[in-house]
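*Asks:* need a 3D model of the sequence below.
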Amino acid sequence: MKYNFTFYSKDLYQELLRLVLNSYEWEVPLVGISRMEFSNSLNKIFCDSATAWEKTVGCYFEQEKMVACVWNEGCYDGTTFFLFDSKERSKEEELLVDMIKFAKTYGAGYKSDGRTRFVNLFIPDWNETLIRVATEHGLKKGGWTEKLNLFSFTEKKYEVVLPEGYCIIDGESSPDSYLANVHRHSFGYGSWERAAEHGQEAFHAVRQMKYYNPKFDLCVLDREKRPVAMANIWYDKSMPYCELEPLGVCWWERRKGIGTAILHEAMNRVLEQYPDCKGMLGGNQAFYQSIGYETTAMATAYYWEAEIFISWEEQSLHMDYGKEVE
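*Replies:* Below you'll find the predicted structure:
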């Protein structure tokens, strides 16, 4: 293979960001700046996986430049994405074969039985070459799809309507605990999950990321000045659109228009600072489409699994596992 391979190390993070930023020039990327920064901060704390990338992410170089990467969100869960520096590179079959092998080995997740290794490789629908190569190497199309929904800016200012007495503050005055509280009550984290106890620490880490902007870190307060909703926007002026990650509304405050209001406030702030921004990427739920988001790209998870017995188990004596990953 013509590329040099290395496992990820922390000093390569800027190279990863460069690879991601470059991808906006030729696709609506599955892995955008928001996903990268969120994974490098909140996920590592929520999943207690501070060194996951060093063991599960593989980087490919041409001379001194990173040109491809087998990447994940740092949760040891087998969910995998392939990053490339160009559309042409994403169709090089020799490279794809090695990336698939890495995903099946070092990047694979482990099921609770301790034996089954598995991979969910998300492939954008346009990459027919990768779909074919993945299928030839044992991955099967599954039912897990991801839609990338985009709200196109058509106005200079959007109406912000909140319930009487409610207000919006931003990251210059909201404490980390407010975001953690809203996130917990929006997504239902219980005492058995790290997110419940470590949410404050996680959102503090989010606020240290390169592309974090406190003006785009919004929190809705109710009449008693308690936090009930949050939204965070990620943007670099080289991107065609900004990205929302996350949006949360406490369960008892739903159906009051608060989610729409905080997004409109976010849109207004982005447009005020970056009038050339074309839109906002949102989530994969019906709510977004109901307020004007449209699907601009799709990806499907291609699945692989293999049952691997421990070397001293009798079932493993005559198994040639090397064939499973080729």
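
*Asks:* max-length helix in the chain?
*Replies:* Criterion DSSP state H: the longest helix present in the chain is helix 258-273.

*Asks:* who does that one touch, helix- and strand-wise?
*Replies:* With contacts taken as 3 or more C-beta pairs under 8 Å, 6 or more residues apart in numbering; DSSP states H and E, helix 258-273 sits against strand 167-170, strand 217-221, strand 227-234, strand 242-249, strand 279-281. Every C-beta, even on glycine, is put in place using the N, C-alpha and C of the backbone.

*Asks:* mind putting the ones you listed into CSV with distance to Leu263 and mean pLDDT?
*Replies:* Formatted as CSV, those follow (distance: least, C-beta to C-beta, whole Å; pLDDT from 0 to 100):
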stretch, distance to Leu263, mean pLDDT
strand 167-170, 11, 98
strand 217-221, 9, 98
strand 227-234, 6, 98
strand 242-249, 7, 98
strand 279-281, 7, 98
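
*Asks:* where does the chain have its least confident helix or strand?
*Replies:* Ranking every helix and strand in the chain by mean pLDDT, DSSP states H and E puts helix 322-325 at the bottom, with a mean of 80.

*Asks:* before we move on, back to that, please identify the most buried of the helices and strands packed on helix 258-273.
*Replies:* Sort the helices and strands packed on helix 258-273 by mean neighbour count, taking mean count of other C-beta atoms under 10 Å, and strand 227-234 sits at the top with a mean of 25.

*Asks:* chain center to that one, what's the gap?
*Replies:* Counting by C-alpha atoms, centre = their mean, to the nearest Å, strand 227-234 is centred 17 Å from the centre of its parent chain.

*Asks:* so for Leu17, which of the helices and strands packed on helix 258-273 sits nearest?
*Replies:* strand 227-234 (11.5 Å; C-beta to C-beta).

*Asks:* Cys69 sits in which helix or strand?
*Replies:* strand 65-71 (DSSP states H and E).

*Asks:* identify the residues contacting the helix or strand that that strand is followed by?
*Replies:* For strand 65-71, the following helix or strand on the C-terminal side (DSSP H and E) is strand 79-84. Strand 79-84 is contacted from outside by 16, 19-20, 23, 30-31, 67-73, 90, 96, 99, 103, 107, 109, 119-123, 130, 301, using C-beta atoms under 8 Å, 6 or more residues apart in numbering.

*Asks:* partners of strand 79-84 in the sheet?
*Replies:* Strands adjacent to strand 79-84 in the sheet, as given by DSSP bridges, are strand 65-71 (antiparallel), strand 116-124 (parallel).

*Asks:* now find how far off-centre stretch 166-179 is within its chain.
*Replies:* 23 Å.

*Asks:* helix, strand or coil for the residue nearest the centre of the chain?
*Replies:* In the chain, the centroid-proximal residue (C-alpha atoms, centre = their mean) is Arg35; its distance is 3.2 Å. Secondary structure assignment for Arg35 (DSSP: H, G, I helix; E, B strand; the rest coil): helix.

*Asks:* how far away is Ile169 from Val228?
*Replies:* For Ile169, the distance to Val228 (C-beta to C-beta, to the nearest Å) stands at 12 Å.
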